[in-house]
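Asks: no letters, just coordinates:
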C-alpha cells in the first residue's frame, strides 16, 4: 500500500479509466516544492481530461487536476518555506505534469503563488481556474474601457463555473449583468449572485442570419464559443468588446468581419494557462477584494476524489452548477 491517495488515470486500447489508488510519495514527479494538497477543484478542462478527450494528456498513468491549494511540506526554493499556504492554477499542470488529484503534489516553484490574504485554501479552490479566468476577463474588459454606466454586460454559460463567478464579480462592481443560460431553473440561483436579467441561450445558439443586429451589450464574457459568440458579436455596442474564455459550445466561430469594421468592436482572448506571473498576482488580488465570499461559499459544493469520475462526465454535459471543490483527504 502506498502512502498517498490519488485519482490515477490509466489508458488501455485508447480508453481512459480513472481509479482511486494508493501511491508512494517517491512516485511523484520532480519539482522544487512538495505540497500537502488540502483542496483541488473541477473545471471543464478537468472533465475533458478525466474522459480522455482533447489529447490533453499524452502519457499514462497520470494524476490529473489542473488546480491545487495546500501547505508547503518541503521546498528547495528560496521563494517558499514549509508552512506556506500556496495555490497553483494552469501551467499545464494536470496535463503535461501530474496535478492536484492526490493528497500531495510535487511541482515547480515557478508555478506556485501564495494564497492571497483574506482567502483560505478552500476558497482559493472554489475560485480555481474558472474564477481566475473570469477575473482575467473582467480585467481585460475594464482595460478596454468598460465601466458600469456604459450599459448591460452579457455573461454566457452563466450557471457554470466561469459564468457564476463572472456574474458575482460584475454585480459587486456595479454592472447590470444579463445572464445567458438554457436552464430556467437556475434563474433564482443566478439572481442571488447578482444577475439583473436573463437571456435564454437558444436566442444566441443559432449562427447569426445577418452580420449586424441591434446594439445591446456594452461588454460580454463568453464561455461558450461557436454560434453563441458569433451572435453576441453582432449585438455589441459601438466600440465594445467581448472576452472569449471558453468553448463549451464548440471551437468554431461562424461570423464575419463586418461588426469589427463597421462598429469597431474587439474580441479579447483570455488565456489562464500560461498567464504571466505579474498578471496572476493582480488577478488574485482583485479576486480577494472584488468577489463576495458569502456568494462564493453559496455557489460551492465540496466532494471527495471518489466523486470526480461521475462529475467529470456531468460537467461536460452542462450539468454542474457553480463550483466543485474537491477534498482529497475526505472519503
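Replies: Okay, I see it. The structure presented is a predicted model; accordingly, all values stated were derived computationally and were not measured.
Asks: packing partners of the strand or helix carrying residue 203?
Replies: According to DSSP states H and E, residue 203 maps onto helix 202-205. If you count contacts as 3 or more C-beta pairs under 8 Å, 6 or more residues apart in numbering; DSSP states H and E, helix 202-205 packs onto helix 226-233. From N, CA and C alone the C-beta is placed, and that goes for glycine too.
Asks: pLDDT averaged over the helix or strand following the helix it packs on, what's the number?
Replies: Per DSSP H and E, the first helix or strand lying C-terminal to helix 226-233 is strand 236-244. For strand 236-244, mean pLDDT rounds to 98.
Asks: gap between strand 236-244 and the chain center?
Replies: Strand 236-244 sits 21 Å away from the centroid of its parent chain (C-alpha atoms, centre = their mean, to the nearest Å).
Asks: same check, this time on stretch 132-141
Replies: For stretch 132-141, the distance to the chain centre is 11 Å (C-alpha atoms, centre = their mean).
Asks: next one: stretch 101-109
Replies: 19 Å.
Asks: tell me which residues are up against that stretch.
Replies: Applying C-beta atoms under 8 Å, 6 or more residues apart in numbering, the contact partners of stretch 101-109 are 4-7, 23, 25, 28-37, 40, 63-65, 68, 70, 73, 75-77, 79-80, 88, 91, 93-94, 97-99, 305, 308, 326, 328-329.
Asks: got the angle for the longest helix along the chain vs strand 236-244?
Replies: Longest helix in the chain, counting residues (DSSP state H): helix 121-143. Helix 121-143 and strand 236-244 are oriented at 150 degrees to each other (axes from the mean of the first three to the mean of the last three C-alpha atoms, to 10 degrees).
Asks: what residues of helix 121-143 count as buried?
Replies: 121-141 (16 or more other C-beta atoms under 10 Å).
Asks: same deal with stretch 83-97?
Replies: So, applying 16+ other C-beta under 10 Å, buried residues of stretch 83-97: 84, 85, 86, 87, 88, 89, 90, 91, 93, 94, 95, 97.
Asks: quick one: end-to-end distance for it.
Replies: 23 Å (C-alpha to C-alpha, to the nearest Å).
Asks: please apply the same query to stretch 97-115.
Replies: For stretch 97-115, the end-to-end distance is 21 Å (C-alpha to C-alpha).
Asks: ok, now stretch 61-68?
Replies: Per C-alpha to C-alpha, stretch 61-68 runs 19 Å from first to last residue.
Asks: what's the answer for stretch 57-67, then?
Replies: By C-alpha to C-alpha, one end of stretch 57-67 lies 15 Å from the other end.
Asks: residues of that stretch that come out buried?
Replies: 57, 61, 62, 63, 64, 65, 66, 67.
Asks: repeat that for stretch 202-213.
Replies: Result for stretch 202-213 [16+ other C-beta under 10 Å]: buried residues 204, 205, 208.
Asks: what sits up against that stretch?
Replies: 156, 180, 182, 224, 227-228, 230-232, 234-235, 249, 254-256, 258-259, 262-263.
Asks: give the buried subset of those residues as a PyMOL selection command.
Replies: A single PyMOL command selects the buried members of the contacts of stretch 202-213 (16+ other C-beta under 10 Å):
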select buried, resi 156+180+224+227+228+230+231+232+234+235+249+255+259+263
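Asks: give the contact list for residue 26.
Replies: Contacts of residue 26 by C-beta under 8 Å, 6+ apart: none found.
Asks: which SS class is it?
Replies: helix (DSSP: H, G, I helix; E, B strand; the rest coil).
Asks: surely residue 16 is within a helix?
Replies: No. Residue 16: not assigned to a helix; according to three-state DSSP it is strand.
Asks: show me the contacts for the residue sitting nearest the centre point of the chain.
Replies: What sits nearest the mean C-alpha location of the chain, by C-alpha atoms, centre = their mean, is residue 130, with 1.5 Å. Residue 130 sits next to 41, 43, 44, 160, 161, 162, 164, 165, 323 when contact means C-beta under 8 Å, 6+ apart.
Asks: partners of residue 19 in the sheet?
Replies: residue 8 (DSSP bridges).
Asks: sorry, slip of the keys, the one I care about is residue 236.
Replies: Going by DSSP bridges, residue 236 forms beta bridges with residue 217.
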